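K.L.:
Quick check, what structure comes out for this input:
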Amino acid sequence: MGESHTQMQPLLSDYDPGSAYVEAVFSLFATIRLNWESQQRSLALLLTSPSHPEEQATVAANLAIASAQSGLPTVLIEAHVRHPGLSQRFGLSQGPGLSDMLLQEEAVTPQQVSRYLAPTFVPHLWLLSSGIGGMPHGLAPYAARLPELLRSLRRFLEEGQGQSGLLVVHGAPVLEGADASLLGAYVDQTFLVVVLGRSTRMATKKASEQLQRARARLSGVILTQG
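P.N.:
This next block holds a predicted model:
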């Protein structure tokens with residue numbers, strides 16, 4: 001469950017349905033859904049890592065696919081705005097997205113959100129790309145707008161799709177700056193993706209402590225191969 005900068009790990013849809021990898025991802029999704037406190041409200045999850053965004057992006061994308069394949073309307077949000085890559089994984093062009101919505105002056109509404117969401121080849125799964133607006137300082141200057149954005153995405157699912165769903169946020173690594181800590185304060189659950197053989201114990205401990213200081217609800221650690 002790893003990748004390099006030159007070769008991306010295949011998406012969940014590329015694996016045989018009965019493979020151990022697919023079973024592991026669906027098991028992770030099932031655990032999250034069983035611990036969902038209120039399935040009347042869409043759940044927002046943040047996936048971050050100490051310092052390995054490539055493996056983390058794979059986990060986020062595949063968790064979102066598992067959710068959609070289970071029949072749950074799902075939005076995958078690329079919040080690692082300084083290093084986009086999820087559009088390429090899904091064979092989509094990099095168009096307006098998260099950064100463009102945050103940069104605009106008017107309020108973010110569910111109707112506006114729907115115009116920025118790109119349907120993927122997986123039924124029930126939309127991608128909100130990082131966008132094309134420049135954000136050299138990351139999400140920090142726009143932190144006050146993040147709750148509004150998440151509310152509008154929830155309403156897109158609950159009102160537009162007629163049921164609660166899942167928001168999977170692929171955030172920047174914790175140790176790269178403040179973005180993951182900011183998002184962790186606003187989502188329902190945060191998961192730390194740890195890469196076996198690459199994420200050091202010290203880095204993992206430091207990332208966990210930083211998230212806890214930001215009052216993120218750290219729900220667990222996801223181990224993956226490098």
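K.L.:
rest of the way, CA atoms for contacts and neighbours
P.N.:
OK.
K.L.:
pLDDT wise, what is S38 at?
P.N.:
S38 carries a pLDDT value of 60.
K.L.:
before we move on, what about the one 3 residues further on?
P.N.:
At R41 the predicted local confidence, pLDDT, stands at 83.
K.L.:
what sits against it?
P.N.:
When contacts are counted by CA atoms under 8 Å, 6 or more residues apart in numbering, R41 touches R154, E158, S164, G165.
K.L.:
how much space is there between the third one and L157?
P.N.:
This points to S164. 6 Å (CA to CA, to the nearest Å).
K.L.:
which residues are in contact with both of the two?
P.N.:
In contact with both S164 and L157: S42, P73, using CA under 8 Å, 6+ apart.
K.L.:
So which residue is smack in the middle of the chain?
P.N.:
With distances taken as CA atoms, centre = their mean, V169 lies nearest the centre of the chain, 2.1 Å away.
K.L.:
Doesn't that residue lie inside a helix?
P.N.:
No - counting by DSSP: H, G, I helix; E, B strand; the rest coil, V169 is not found in a helix; it is strand.
K.L.:
So it sits against L76, correct?
P.N.:
Yes - V169 lies in contact with L76 (CA atoms under 8 Å); the separation is 6.0 Å.
K.L.:
what's the following helix or strand after the longest helix seen in the chain?
P.N.:
If you go by DSSP state H, the chain has its longest helix at helix 53-69. The first helix or strand that comes after helix 53-69 along the chain, using DSSP states H and E, is strand 74-78.
K.L.:
Residues touching that following strand, excluding its own?
P.N.:
60-61, 64, 67-68, 84, 86, 98, 124-130, 157, 165-171.
K.L.:
which among those end up buried?
P.N.:
Buried subset of the contacts of strand 74-78 (neighbour count, 16 or more other CA atoms under 10 Å): 60-61, 64, 67-68, 84, 86, 98, 124-130, 157, 165-171.
K.L.:
Fine, thanks again, bye for now.
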